[in-house]
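Colleague: Sequence and predicted structure below; questions after.
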Amino acid sequence: MNWTLTGIRINSQAKKLTYAWLFFSVFTLIFAGIFAFLVAMVRTPFIQEFLPKQKDYFYTALVGHVDLAVVIWFLAFMGVLWTVSLAGFSGIRTNYLPAWIGLGVSAAGTVLVIITALFGLGSPILSNYIPVITHPLFYAGIIMFGLGLLITIIDALIAVRHVIKKRVYPESLPAASFGMAVSAVVVLIAIICFILAFYFLKIPSVDDAFFERLFWGGGHILQFANTIGMVVVWLLLAALCLKTAPLSERGAKFLLLYYLVFALPAPILFFVYNIHSHAYKDAFTRLMQFGLGPSTVIFAFLILRAIWQNKNSKLKTQNSKLMWSDPGFSSLVMSIIIFAAGGVISLTIHGSNVKIPAHYHGVIGGVTLAFMGLAYHLLPLIDREVLFKKLAKVQPYLYGGGQFLFVLGLFLAGSHGVQRKTFGTEQNLDSMMKLLGMGTMGIGGILAILGGAVFVINILSSMLSSRSGKYSES
């Protein structure tokens with residue numbers, strides 16, 4: 001028997017694998033939330049006075065939060081998307097063992113990362129993109145997670161090759177499947193960049209500079225993969241909620257290929273520039289500056305235009321009014337808004353202040369909201385029903401509103417000189433605007449964590465429940 005999601009077919013074996021990836025991805029958010037709560041509270045005026053003063057542990061908590069919420073959650077959810085859109089074609093696959101091995105290795109590695117951060121083993125290093133804890137257990141965990149992803153990606157791309165070869169689709173891959181194939185290639189490029197960086201760094205060490213250079217190139221390329229995953233989810237949510245595609249299949253594929261054009265040359269940069277030079281870092285920055293913006297802006301504009309046209313069409317009925325109570329639709333709109341806010345803030349950054357985390361929290365908040373919204377609509381695909389529908393309706397507003405306040409507070413504080421990667425008295429909150437900014441950040445952080453907790457509880461409860469069905473407004 002087969003199930004469908006906007007033209008994507010998934011068989012019963014792939015359904016089990018989808019369930020496992022979704023459970024794993026959402027489960028990581030539990031510990032991401034725990035670490036986020038510690039990080040947010042230690043930077044909130046007045047509340048910080050009642051928390052422990054061990055500076056290193058809070059930096060360790062920050063490492064745990066970033067790695068789980070930005071790296072592992074994103075890539076694990078893309079494991080869901082790869083399974084659904086690439087590996088679930090009826091009659092194509094008979095052996096799912098490699099896919100299960102990939103998932104198992106990634107999950108085991110994640111457990112090691114959580115243990116290292118939770119018990120404060122080793123010392124934290126706040127390198128960009130993938131911060132680390134200098135402990136063998138952490139290194140093993142990150143390597144295992146990456147190895148599991150590599151197995152998953154290779155297995156998924158082999159499935160794509162079979163799909164194309166056997167002409168499962170009369171014309172070509174659907175845009176969503178095409179997009180996730182592109183994202184798989186981009187993650188593969190990122191892994192190659194990490195390997196090349198390790199090779200060119202020659203002598204491994206455990207200082208800040210080593211890890212900064214190690215993860216700089218591949219970390220930039222991972223942002224391409226995250227963005228591709230997000231826009232694919234935007235397309236799926238738009239099709240599910242609006243009952244129409246915001247742009248043609250050919251147009252969507254062209255925009256998705258634009259990302260790949262800028263990601264493909266990344267490994268060559270290691271042979272062109274000295275890895276210790278500023279030119280090396282600038283080259284990857286330019287790839288991201290020119291490669292991420294244009295397609296994403298066009299996708300966002302066309303989807304918002306489709307929403308506006310739907311709102312003003314002659315078909316405006318009670319159903320269109322109810323779209324705002326669909327967590328998929330509200331997540332879609334808020335994802336676009338918050339992602340755009342993060343992009344706009346990036347244009348104002350000068351120096352090393354909390355405008356920088358304001359920017360990337362806007363961007364990662366946009367990705368997270370999109371993934372959350374689709375999760376509700378994936379439940380019927382694995383024979384589950386949203387258990388707490390009223391909570392599902394308000395959750396995107398709770399998380400999205402909190403994330404917006406969090407970003408706004410950091411932007412305000414950064415505009416008045418609060419430095420990044422500081423906490424407690426080091427923040428020098430010596431003016432009303434600094435206090436207002438960081439206070440707003442704290443309130444937003446609490447709301448976002450609460451929204452994240454509601455999402456995790458609802459999705460995991462729904463998955464563990466025996467109730468099955470499709471998403472409805474009742």
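Modeller: Happy to help now that I have it. Bear in mind the structure is a predicted one, so any value in this text is a computation, not a measurement.

Colleague: Helix or strand with the lowest mean pLDDT in the protein?
Modeller: Using mean pLDDT, DSSP states H and E, strand 3-5 stands out as the lowest-scoring helix or strand of the chain, at a mean of 47.

Colleague: With adjacent residues omitted, what lies nearest to Met334?
Modeller: Gly400 (3.6 Å; C-beta to C-beta, 6 or more residues apart in numbering). Quick note: C-beta positions are derived from backbone N, CA and C, even for glycine.

Colleague: residue ranges for the helices of the stretch 51-200 of the chain, please.
Modeller: 55-66, 73-85, 97-118, 136-165, 175-200 (DSSP state H, counting those that start in this stretch).

Colleague: Export these to CSV and append columns for mean neighbour count and distance to Phe262.
Modeller: Below are the helices of the stretch 51-200 of the chain laid out as CSV (neighbours: other C-beta atoms under 10 Å; distance: least, C-beta to C-beta, whole Å):
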stretch, mean neighbour count, distance to Phe262
helix 55-66, 21, 24
helix 73-85, 27, 19
helix 97-118, 20, 27
helix 136-165, 19, 19
helix 175-200, 22, 10
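
Colleague: Switch those helices over to TSV; also include distance to Val272 and mean pLDDT.
Modeller: Shown next, in TSV, are those (distance: least, C-beta to C-beta, whole Å; pLDDT from 0 to 100):
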stretch	distance to Val272	mean pLDDT
helix 55-66	29	83
helix 73-85	28	92
helix 97-118	32	95
helix 136-165	25	90
helix 175-200	11	95
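
Colleague: Quick one: closest of these to Val39.
Modeller: Comparing the helices of the stretch 51-200 of the chain against Val39 with C-beta to C-beta, the closest turns out to be helix 55-66 (5.1 Å).

Colleague: From the contact counts, what lies against the closest one?
Modeller: Contacts defined by 3 or more C-beta pairs under 8 Å, 6 or more residues apart in numbering; DSSP states H and E place helix 55-66 against helix 12-42, helix 97-118, strand 124-125, strand 132-133.

Colleague: other SSEs contacting the longest one?
Modeller: For helix 12-42, the contact count by 3+ C-beta pairs under 8 Å, 6+ apart identifies helix 55-66, helix 73-85, helix 97-118, helix 355-378, helix 432-464 as packing neighbours.

Colleague: Quick one: distance of that helix to the chain centre.
Modeller: Its chain's average C-alpha position is 11 Å from that of helix 12-42, according to C-alpha atoms, centre = their mean, to the nearest Å.

Colleague: Flag every buried residue along it.
Modeller: 14-15, 17-29, 31-42 (16 or more other C-beta atoms under 10 Å).

Colleague: got the angle for that helix vs helix 432-464?
Modeller: 150 degrees (axes from the mean of the first three to the mean of the last three C-alpha atoms, to 10 degrees).

Colleague: now the angle between helix 355-378 and helix 12-42, please.
Modeller: Going by the same axes, to 10 degrees, helix 12-42 is angled at 150 degrees with respect to helix 355-378.

Colleague: for the second one, same thing?
Modeller: With the same axes, to 10 degrees applied, the angle from helix 97-118 to helix 355-378 works out at 140 degrees.

Colleague: Which strands or helices does whichever strand or helix holds the residue nearest to Met334 pack on?
Modeller: In this structure, Gly400 is located in helix 389-415 according to DSSP states H and E. Counting contacts by 3+ C-beta pairs under 8 Å, 6+ apart, helix 389-415 packs against helix 327-346, helix 355-378, helix 432-464.

Colleague: now the shortest one, how far from the chain's geometric center?
Modeller: I take that to be helix 327-346. Per C-alpha atoms, centre = their mean, the centroid offset for helix 327-346 relative to its chain is 13 Å.

Colleague: so which of the helices and strands packed on helix 12-42 comes closest to Ile125?
Modeller: The nearest among the helices and strands packed on helix 12-42, by C-beta to C-beta, is helix 55-66 at 7.7 Å.
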